[in-house]
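In: Okay, sequence plus prediction incoming.
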Amino acid sequence: MVKVIYILLIISTIIGLTGILAVVLAYVFIDDAEDWLQTHYRFQIRTFWIGLLYFGIGAFTLQIGIGVIILICAFFWLVIRCAKGLKQLENRQPVKNLESWLLT
């Protein structure tokens, strides 16, 4: 399920509703997961909320021209963050630097 949620988060850059589904699934499955998988669920939940903030700021600032740059940066931030999470998942490792607002 963790891999599916990462994929849903990446798809949410195009179809925003999949991000909502991803965060709901992460909240549902976090309690029953092993400790190292719980770090991935927490990472995904943080990725959703921080990404929502970044995309919201980008949308809000579109009127003054800087919004496009913020939206592009938010897109790459989310995709790279999910790719790094997927790599750690494939190596069966917990997420490193869980509290970071940056990539990991």
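Out: Cool, the structure landed.
In: Averaged pLDDT, stretch 37-44. What do you get?
Out: Stretch 37-44 carries an average pLDDT of 96.
In: now do stretch 68-84
Out: Here the average pLDDT along stretch 68-84 is 95.
In: buried ones in it?
Out: 70-71, 74-75, 77-78, 81-82, 84 (16 or more other C-beta atoms under 10 Å). Where C-beta positions appear, they are placed from N, C-alpha and C, glycine not excepted.
In: same question, stretch 34-43
Out: 37-43.
In: can you tell me which of those residues are in strands?
Out: Using DSSP state E, no member of those falls in strands.
In: Include distance to Asp31 when you put those residues into a markdown table, please.
Out: Output for the buried residues of stretch 34-43, formatted as a markdown table (distance: C-beta to C-beta, whole Å):
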| residue | distance to Asp31 |
| --- | --- |
| Leu37 | 11 |
| Gln38 | 8 |
| Thr39 | 14 |
| His40 | 14 |
| Tyr41 | 9 |
| Arg42 | 11 |
| Phe43 | 16 |
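In: Just to be sure, which of the residues you listed are found in helices?
Out: If you go by DSSP state H, those have 37-43 in helices.
In: name the element the residue nearest the centre of the chain belongs to?
Out: Nearest to the mean C-alpha position of the chain, by C-alpha atoms, centre = their mean, lies Thr47 at 3.1 Å. Element membership of Thr47 [criterion: DSSP states H and E] is helix 35-60.
In: Give me the distance from that helix to the chain's centre.
Out: Centroid separation for helix 35-60 versus its chain: 4 Å, with C-alpha atoms, centre = their mean, to the nearest Å.
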